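Visitor: make a model of this:
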Amino acid sequence: AQWVDINGTPRCKGIPASAASQFLNGSAGFAGAAAVGMGQGPHNHDMIGMPDQDSYTVVPWEKGVARVACDIHVDGEPWPYCSRVVLKRAIARLAEHGYQLKAGVEAEHMLVTRKPDGSIAPFDPSGFDTMAKACYDFKSLAGNLGYLRTLLEYMKGLGWEPYAADHEDGRAQFELNWKYADALTTADRYTFFKMMTSQVAARLGPGVIATH
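Guide: Numbering: from 1, shown residues only. You can find the predicted model right below:
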């Protein structure tokens, strides 16, 4: 059960398959005061993650797990601090004027490692990522092909239709592209992409982080 806080950070709760029927009826409760910017204090009733079954996404890096994006409700009503609720309202207003919002993203991020003193440094196992103008550099791209290919294969398997991956301007900075979709689907996919890169990056070695 997944939603995002006001900063776009994925927030989740694990639901066993045996409790799927309860989940579909609103069993995933969250204490809003424990998250950032959700407009709740300790006295408020729990936020309830109401699942959107259309967002069901098989997790490719963990067998037997799927992600379902949720709309946050409180006391049976959509919660105004929920970004998914906000986006749905914007989409509905556009529809009233005869418009449909399609959206795509250029999903850029960096791979970094955390040093013993707590600072971060670009992740550059090949030692080639040193150019002042590194955009589209072959050697820097090639040094991370394993990471990028894994992401592309996962996205292809999920039906996102990925079509490009490149090294961007900064050291250890990468961009991946997949086909646009309706705004809600793209937003859910980008959130999932952030979750996915964090897990794939961690396989590269201790302390490797995908930034977003």
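Visitor: what's the neighbour count on residue 44?
Guide: Taking other C-beta atoms under 10 Å as the neighbour definition, residue 44 ends up with a count of 15. C-beta coordinates here come from the backbone N, C-alpha and C atoms, glycine included.
Visitor: got the contact list for it?
Guide: By C-beta atoms under 8 Å, 6 or more residues apart in numbering, the residues touching residue 44 are 32-33, 74.
Visitor: how about residue 52?
Guide: Under the criterion of C-beta under 8 Å, 6+ apart, the contact partners of residue 52 comprise 68-71, 84, 188.
Visitor: re earlier: Serialize the contacts of residue 44 to a markdown table and add fields for secondary structure and distance to residue 111.
Guide: Compiled in a markdown table, the contacts of residue 44 are given as follows (DSSP: H, G, I helix; E, B strand; the rest coil; distance: C-beta to C-beta, whole Å):
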| residue | secondary structure | distance to residue 111 |
| --- | --- | --- |
| 32 | helix | 33 |
| 33 | helix | 34 |
| 74 | strand | 38 |
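Visitor: secondary structure, pLDDT and neighbour count added to the contacts of residue 52, as a markdown table?
Guide: As requested, the contacts of residue 52 are arranged in a markdown table below (DSSP: H, G, I helix; E, B strand; the rest coil; pLDDT from 0 to 100; neighbours: other C-beta atoms under 10 Å):
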| residue | secondary structure | pLDDT | neighbour count |
| --- | --- | --- | --- |
| 68 | coil | 98 | 21 |
| 69 | strand | 98 | 25 |
| 70 | strand | 98 | 26 |
| 71 | strand | 98 | 19 |
| 84 | helix | 96 | 22 |
| 188 | helix | 98 | 23 |
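Visitor: how far away from the center of its chain is stretch 156-163?
Guide: In this view, stretch 156-163 has its centroid 15 Å away from the chain centroid, taken as C-alpha atoms, centre = their mean, to the nearest Å.
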